[in-house]
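Trainee: give me a model of this one.
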Amino acid sequence: MRMLGLASLPAVNATLNAACTILLILGYALIRRRRILGHRICMLSAFVCSVAFLVFYIYFHTHAGIIRFSGQGWIRPVYFVLLVSHTVLAVATLPLVLMALSLALSEKFTRHRRIARWTLPVWLYVSVTGVVIYWLLYIAYTPVGAPALQSFLTFSLFWFPV
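Mentor: As a prediction, the model looks like this:
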C-alpha cells in the first residue's frame, strides 16, 4: 500500500472540506423534507470529515511549518481577508458544532434547532472558504515553504490503487 505523503495532505484537507460542504447542504435539504435518518447520517458524516480535517491539518502544520502565500497585487488582501475570517470562524465553529451535535444526540431538538440555525451557515462558510484558500494557496499560486507537492496522479493512485 502506498503511504500518503506530507505534500498530499493539503489536497486531502481540501477534499474533506468539499465533502463536508456537500454533506451539510444535503443534510439541510433532508431535514427540510423531514428525512431525519438521512439528515443524521449526513451531519454525523460532516462532523467526521471535519474531525479528520483537523487531525490532518494539525499533523501537516506540525511537520511542514508555516506555508506562505506568494500571490501579489489585489489578490493578496483578498486572500488574507478570507484566511482571517476562515480561521476566526473555524475556531468559533467547533463549540457550535459540538453543542448542536450534543443537543441532537440528547434529543433536545428545540434547542438543537436554535443553535443549528447559527451553526450551519458558519460551518458552511468555513468549509467553502477552506477549499478556496487551498485553491489560492496551492493551485493558483505557488506556496512558499510547502513540501514538494506530489502530482494529482500520485495522489489519485493512493486513493484508487491499480
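
Trainee: from residue 145, how far off is the residue lying closest to residue 76 once chain neighbours are set aside?
Mentor: Excluding the flanking residues, the one nearest residue 76 by CB to CB, 6 or more residues apart in numbering is residue 69, at 7.1 Å. (Glycine included, C-beta is placed from N, CA and C.) Using CB to CB, to the nearest Å, we find residue 69 at a distance of 10 Å from residue 145.

Trainee: more neighbours, the two?
Mentor: residue 69 (19 against 10; other CB atoms under 10 Å).

Trainee: what about residue 84, how many residues nearby?
Mentor: Applying other CB under 10 Å, we find 10 residues neighbouring residue 84.

Trainee: my read: the residue nearest to residue 76 touches residue 79, true?
Mentor: Yes. Using CB atoms under 8 Å, residue 69 is in contact with residue 79, at 5.4 Å.

Trainee: what do the two both touch?
Mentor: Listed contacts common to residue 69 and residue 79 are 136-137; contacts here mean CB atoms under 8 Å, 6 or more residues apart in numbering.

Trainee: the bottom helix or strand of the chain by mean pLDDT?
Mentor: helix 152-159 (a mean of 43; mean pLDDT, DSSP states H and E).

Trainee: low-confidence ranges in this structure?
Mentor: 1-3, 148-162 (pLDDT under 70).

Trainee: now do the contacts for residue 64.
Mentor: Counting by CB under 8 Å, 6+ apart, residue 64 has contacts 6, 9, 145-147.

Trainee: can you rerun that using 10 Å?
Mentor: Residues near residue 64 by CB atoms under 10 Å, 6 or more residues apart in numbering: 6-7, 9-10, 143, 145-147.

Trainee: distance of it relative to residue 74?
Mentor: In terms of CB to CB, residue 64 sits 27 Å off from residue 74.

Trainee: returning to what we had before: top of the contacts of residue 64 by neighbour count?
Mentor: residue 10 (23 neighbours).

Trainee: need the nearest residue in space to that one, chain neighbours excluded.
Mentor: Closest to residue 10 by CB to CB, 6+ apart is residue 138, at 5.4 Å.
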